[in-house]
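**Q** Fold the following for me, if possible:
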Amino acid sequence: MDKLGVSTLLLRLVLGISFLIHGIVKFKGGIANTVGWFDSIGILGFFAYAVATLELVGGIALILGIGTRIFSALFVLLMVGAIVKVKFALGFLGTPEMAGYELDLAFLVIALFLAINGSKFLSIDEAFFK
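**A** Numbering: from 1, shown residues only. You can find the predicted model right below:
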């Protein structure tokens, strides 16, 4: 068993599960709330649908190992946007009201690693596209 393959699989699964849960919460909590929040911070509300869909679909794709590099690259862009637009002003640890960018930065780095290296171990991509 390849240690790097297993380690990369763990990163892929954790990132996939994390984004999947974030996507579910956005839809389950009422996407209109997320749209309103996007509007309130100066981002077109339409992007709330795009972000929630990316988190949901991309999370599932990472868990299954489908398009890992592509979805990870999209998550890198998403995390850069979240850090720059929302979280950076709050600082690394944030405030009592809102978290800082520490988790977003960790997600960004994991996604960047996966975008560069991929994750073939136990992936659908590897099974079908050897």
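**Q** pLDDT weak spots in this structure?
**A** 1 (pLDDT under 70).
**Q** longest single helix anywhere in it?
**A** The longest helix of the chain (DSSP state H) is helix 3-28.
**Q** buried stuff in it?
**A** 8-9, 11-13, 15-16, 18-20, 22-23, 26 (16 or more other CB atoms under 10 Å). Where C-beta positions appear, they are placed from N, C-alpha and C, glycine not excepted.
**Q** Who are the contact partners of Ile17?
**A** 59, 63 (CB atoms under 8 Å, 6 or more residues apart in numbering).
**Q** try 10 Å
**A** By CB atoms under 10 Å, 6 or more residues apart in numbering, the residues touching Ile17 are 59-60, 62-63.
**Q** want to throw those into CSV with distance to Leu90, secondary structure and neighbour count?
**A** Below are these laid out as CSV (distance: CB to CB, whole Å; DSSP: H, G, I helix; E, B strand; the rest coil; neighbours: other CB atoms under 10 Å):
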residue, distance to Leu90, secondary structure, neighbour count
Gly59, 24, helix, 22
Ile60, 29, helix, 16
Leu62, 27, helix, 29
Ile63, 29, helix, 18
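**Q** List the buried residues in the one helix or strand Phe113 maps to.
**A** With secondary structure defined by DSSP states H and E, Phe113 is part of helix 102-117. Judged by neighbour count using 16+ other CB under 10 Å, the buried positions of helix 102-117 are 104-105, 107-108, 110-115.
**Q** Check stretch 27-40 too.
**A** Applying 16+ other CB under 10 Å to stretch 27-40 flags 34-35, 38 as buried.
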